[in-house]
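S.K.: my questions concern the predicted model and sequence given below.
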Amino acid sequence: MADTARQTAGGKVLWHFTMSLDGFVAGPNHEMDWMTGFSSRPGLIEEYVETTGAVLGGRTGWDNTVDDVRPYGGAWEGPLFILTHHPEDAKPADGVTFLSVDPAEAVRIGLDAAGGKNLEVFSPTIGAQLLELGLIDEIDLHIAPVLLGEGIRLYDNPGGKAIRLHRADVEDPTLALNVRYLPVR
């Protein structure tokens with residue numbers, strides 16, 4: 001199975017996550033330690049570092065970060081925006097701006113700051129809101145071969161309508177993705 005085409009810096013709004021096979025982007029309490037030990041194609045991280053102009057995240061995720069961890073293991077430097085209802089009590093950090101605006105305005109601010117590069121959304125809640133508003137250009141997932149069983153889901157909308165997606169980089173955009181894994185014993 002071929003990987004997707006290289007990411008480009010086209011001023012897109014990307015909802016971007018590594019996700020467990022069972023749909024979690026973080027463990028309980030936003031734990032991220034489960035992400036270690038997986039490999040990706042050579043140059044993938046550098047690709048995102050080059051094409052990302054700004055990052056938009058949520059307050060809960062920010063409050064659960066340890067030691068102001070920057071995206072891509074600290075390799076990326078740029079404006080980081082945290083959307084919150086209470087910016088006054090947020091833990092400050094260099095290069096981080098706390099926004100108390102509606103999600104569409106946060107996207108406008110983030111895209112302006114991205115300077116023609118992509119705005120990456122690192123929040124399941126904000127991403128879902130932007131998806132409903134029609135403001136997500138692309139969902140970019142790296143599916144890790146692990147089952148977490150619990151945690152923070154990429155998209156959690158009980159009782160909501162299904163949102164149909166088209167696959168990128170394939171002739172038939174409705175083609176299902178087939179993966180096969182073996183349990184590690």
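M.R.: Great, that's in hand. Numbers count the residues shown, from 1 in each chain.
S.K.: torsion angles phi and psi at Ala176?
M.R.: When read as degrees, to the nearest 10, the backbone of Ala176 gives phi -70, psi 150.
S.K.: run a quick neighbour tally on it.
M.R.: 6 (other C-beta atoms under 10 Å). All C-beta spots, glycine's among them, are computed from the backbone N, C-alpha and C.
S.K.: next one: Lys91
M.R.: 12.
S.K.: could you do Asp140 as well?
M.R.: Neighbours of Asp140 using other C-beta under 10 Å come to 18.
S.K.: per-residue pLDDT, it?
M.R.: pLDDT, Asp140: 92.
S.K.: so where does the closest residue to Gly116 other than its chain neighbours fall, helix or strand?
M.R.: Nearest residue to Gly116, sequence neighbours excluded (C-beta to C-beta, 6 or more residues apart in numbering): Gly11, at 5.3 Å. Assigned by DSSP states H and E, Gly11 falls within no helix or strand.
S.K.: contacting residues for Gly11?
M.R.: Gly11 makes contacts with Gly53, Leu111, Ala114, Gly116, Lys117, Asn118, Leu119, as judged by C-beta atoms under 8 Å, 6 or more residues apart in numbering.
S.K.: I'd say the fourth one and Thr52 touch.
M.R.: Yep, that's Gly116 we're talking about. No. The pair Gly116 and Thr52 fails to qualify as a contact (C-beta atoms under 8 Å) at a distance of 11.6 Å.
S.K.: those two: which has the busier surroundings?
M.R.: Each of Gly116 and Thr52 has its neighbours counted (other C-beta under 10 Å); Thr52 has more, 22 against 9.
S.K.: that one contacts Gly78, doesn't it?
M.R.: Yes. Thr52 lies in contact with Gly78 (C-beta under 8 Å); the separation is 6.6 Å.
S.K.: common neighbours of the two, please.
M.R.: Taking C-beta under 8 Å, 6+ apart as the contact rule, Thr52 and Gly78 both touch Ala114.
S.K.: since we're on Ala113, how many residues are nearby?
M.R.: 18.
S.K.: Glu77 too?
M.R.: Count around Glu77 with other C-beta under 10 Å applied: 13.
S.K.: buried residues in the lengthiest helix in the chain?
M.R.: Ranked by number of residues, the top helix in the chain under DSSP state H is helix 103-114. By neighbour count with 16 or more other C-beta atoms under 10 Å, helix 103-114 contains the buried residues Pro103, Ala106, Val107, Ile109, Gly110, Leu111, Ala113, Ala114.
S.K.: many thanks, have a good one.
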